[in-house]
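Chemist: okay, sequence plus prediction incoming.
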Amino acid sequence: MTADRTLAWNRAMLASPGDLDLQVPASQIDGLLPPDLFGGRLLSNGPGWTRIGQEIAHPFDGHGYVRAFSFSAEGVQLKARFVRSESYEMERAAGSLQVRGLATDLPGGAWRSIRARGVRNVANTTVLQWQDRLLVGWEGGSPHALDPQSLETLGPETFGGVIQGESSLAHMRMASKRLVLVSIGQGRSSTLRFRELDASEQVLASRVEVLPEMIFAHDFALTPDHYVLGGNPMRLHLGKLAKSFAGMGPFFDAVGIDHSKPGVLYLVPRDPNAPLRIISLPGPATVIHFGNAHRTDHATIVDACLFSRFDFGGEFGYCGPHKELDPSLPDARPPQRLYRITIPHGSDQATWRQLTPYAVDFPSFHPAHEGQRTPWLFGAARRDTQFGDPFDSVLAVDLSSQDTPTQIWTAPKEVFVGEPIFAPKAEHTEQGHLLVMLSDALAEESRLAIFDASQVDAGPIAQVPLPLLPVAFHGDWLAP
Ligand SMILES: [Fe+2]
């Protein structure tokens with residue numbers, strides 16, 4: 001591990017430029033902006049304030065920072081705002097950590113952590129447009145709503161009380177103009193609540209499914225028939241859980257994946273009267289992110305990034321509140337691999353095939369193809385096939401042919417690569433562009449790289465220079 005890499009990663013993850021309103025004129029852009037992007041907007045969300053007072057919060061607990069890039073012939077306009085959640089306002093006023101997080105304890109000892117009030121819903125994970133507002137998602141509470149133009153925070157979003165008091169998954173999906181939400185309640189079992197809202201925010205479909213064990217769920221996939229979830233059975237370290245309740249350690253330290261159990265997927269029918277299907281996978285698997293899923297005449301097909309073993313702790317190289325991030329920590333675990341999983345209709349046994357030798361995460365695809373066959377899957381990757389995140393590459397996998405080699409482009413040394421977002425030329429074409437944030441923290445800058453999605457390995461066709469922005473988690477493309 002070089003000092004440069006550690007410095008670059010810490011600068012990239014902990015950058016906190018605050019509210020931004022800036023214009024990058026076309027004359028400053030390296031290359032030409034594709035006119036197909038004009039009138040569209042790229043959204044992204046991630047932790048934008050992570051070094052809080054004297055402490056470094058776990059990046060999962062950094063405050064949500066939403067960025068909106070608008071494209072025109074004149075150039076690119078960036079507006080960035082924090083999500084003004086309850087915990088953000090408290091900590092902005094105090095200038096220090098005030099609310100315990102899932103993975104972050106408060107300084108000042110156990111007594112302070114026990115007495116602390118509030119839920120650290122930092123709204124830092126996802127962003128999408130729904131009706132007249134943006135929704136920013138977080139694991140464990142309601143999403144927040146933002147004004148789509150000003151990015152002003154409107155408050156927690158419960159869809160008229162539909163998800164009041166529930167713990168939502170950070171990921172939401174949109175298909176056939178429906179917003180699909182999943183909430184989860186944990187105990188010895190997991191109670192999942194699925195809801196599909198239409199444009200008038202009526203609940204068109206809902207289903208409650210009680211799974212026989214406690215699972216870890218962050219994302220899900222959709223087919224016309226099913227919601228698809230990873231099995232991801234959790235186990236609790238009771239001693240550490242007791243310590244967490246006593247204010248002597250974050251909740252995250254007390255949970256883990258139970259690797260003694262085989263890999264499974266849950267296929268939950270969207271038809272409320274059809275039975276749950278529990279699908280055995282060929283080997284151990286923990287799913288954090290799904291790609292797409294669809295149905296053929298013979299099978300349900302699911303693309304997912306799978307860890308053969310997943311242990312909580314050390315995400316993003318987090319070493320605690322008073323140590324710098326160590327980007328070599330994720331290298332110690334088996335990386336996430338992209339698999340195509342085939343589940344024959346009527347069967348409870350899946351087969352699978354690894355789609356590329358590279359580790360892949362942040363899978364994305366044509367947004368109009370949600371739940372349907374799609375020709376290409378894009379992702380963030382690592383050029384060295386042994387390792388996963390932090391990522392240095394962007395790749396494209398041809399899902400229609402096993403013979404097509406993966407297209408991969410790798411950023412310069414110590415430049416980190418974020419989630420690629422696919423911006424289609426039009427809803428019904430397969431052509432489009434990939435929008436990818438590059439963090440060149442040693443040069444104190446970020447660059448928004450734009451690729452022709454059909455020629456990822458040819459490199460960016462345009463790069464937009466930007467101030468150094470913190471590494472984001474997830475984003476979305478708003479078509480013109
Ligand atoms: Fe995610």
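Modeler: Sure thing, it's come through. All values derive from a computational prediction rather than experimental measurement.

Chemist: contacts, neighbours, all on C-alpha from now
Modeler: OK.

Chemist: could you pull up the residues touching Asp348?
Modeler: Each residue near Asp348 by CA atoms under 8 Å, 6 or more residues apart in numbering is listed here: Arg277, Ile278, Ile279, Ser280.

Chemist: please indicate which of those are buried?
Modeler: By neighbour count, with 16 or more other CA atoms under 10 Å, the contacts of Asp348 hold Arg277, Ile278, Ile279, Ser280 as buried.

Chemist: the helices in the stretch 151-300 of the chain, which residues?
Modeler: 238-245 (DSSP state H, counting those that start in this stretch).

Chemist: let me redo that: the stretch 1-150 of the chain
Modeler: With DSSP H, counting those that start in this stretch as the criterion, the stretch 1-150 of the chain has helices spanning 3-14, 86-94, 110-115.

Chemist: mind checking which of those helices is nearest Arg133?
Modeler: helix 86-94 (19.0 Å; CA to CA).

Chemist: ok now the closest one, how far from the chain's centre?
Modeler: Centroid separation between helix 86-94 and its chain, computed with CA atoms, centre = their mean, to the nearest Å, is 24 Å.

Chemist: quick one: the strands in the stretch 251-400 of the chain, in order.
Modeler: In the stretch 251-400 of the chain, the segments counted as strands under DSSP state E, counting those that start in this stretch are 255-257, 264-269, 277-280, 286-295, 299-307, 337-344, 351-364, 376-381, 393-398.

Chemist: may I see the ones you listed organised as JSON lines, with distance to Ser206 added?
Modeler: Output for the strands of the stretch 251-400 of the chain, formatted as JSON lines (distance: least, CA to CA, whole Å):
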{"stretch": "strand 255-257", "distance to Ser206": "28"}
{"stretch": "strand 264-269", "distance to Ser206": "11"}
{"stretch": "strand 277-280", "distance to Ser206": "17"}
{"stretch": "strand 286-295", "distance to Ser206": "20"}
{"stretch": "strand 299-307", "distance to Ser206": "21"}
{"stretch": "strand 337-344", "distance to Ser206": "24"}
{"stretch": "strand 351-364", "distance to Ser206": "26"}
{"stretch": "strand 376-381", "distance to Ser206": "29"}
{"stretch": "strand 393-398", "distance to Ser206": "34"}
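
Chemist: adding mean pLDDT and distance to Gln23, write the ones you listed out as a markdown table.
Modeler: Listed next are those as a markdown table, based on pLDDT from 0 to 100; distance: least, CA to CA, whole Å:
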| stretch | mean pLDDT | distance to Gln23 |
| --- | --- | --- |
| strand 255-257 | 85 | 44 |
| strand 264-269 | 97 | 45 |
| strand 277-280 | 97 | 50 |
| strand 286-295 | 97 | 33 |
| strand 299-307 | 98 | 36 |
| strand 337-344 | 98 | 37 |
| strand 351-364 | 98 | 27 |
| strand 376-381 | 98 | 27 |
| strand 393-398 | 98 | 26 |
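
Chemist: for Val24, find the nearest of these.
Modeler: That would be strand 393-398 among the strands of the stretch 251-400 of the chain, by CA to CA, at 23.8 Å.

Chemist: that closest one vs strand 376-381, what angle?
Modeler: For strand 393-398 against strand 376-381, the angle between stretch directions is 160 degrees (axes from the mean of the first three to the mean of the last three CA atoms, to 10 degrees).

Chemist: can you list the strands that whichever helix or strand comes after strand 393-398 pairs with?
Modeler: Downstream of strand 393-398, the first helix or strand assigned by DSSP states H and E is strand 407-410. As defined by DSSP bridges, the strand partners of strand 407-410 come to strand 393-398 (antiparallel).

Chemist: using PDB, write down the CA coordinates of the partner strand.
Modeler: Only the C-alpha atoms of strand 393-398 are listed here, as PDB (Å, rounded to 0.1, in the frame of the first residue of the first chain):
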ATOM      1  CA  SER A 393     -12.300   0.800 -13.800                       C
ATOM      2  CA  VAL A 394     -15.600   0.900 -15.600                       C
ATOM      3  CA  LEU A 395     -16.800  -2.100 -17.600                       C
ATOM      4  CA  ALA A 396     -19.500  -3.200 -19.900                       C
ATOM      5  CA  VAL A 397     -20.700  -6.900 -20.100                       C
ATOM      6  CA  ASP A 398     -22.600  -8.100 -23.200                       C
END
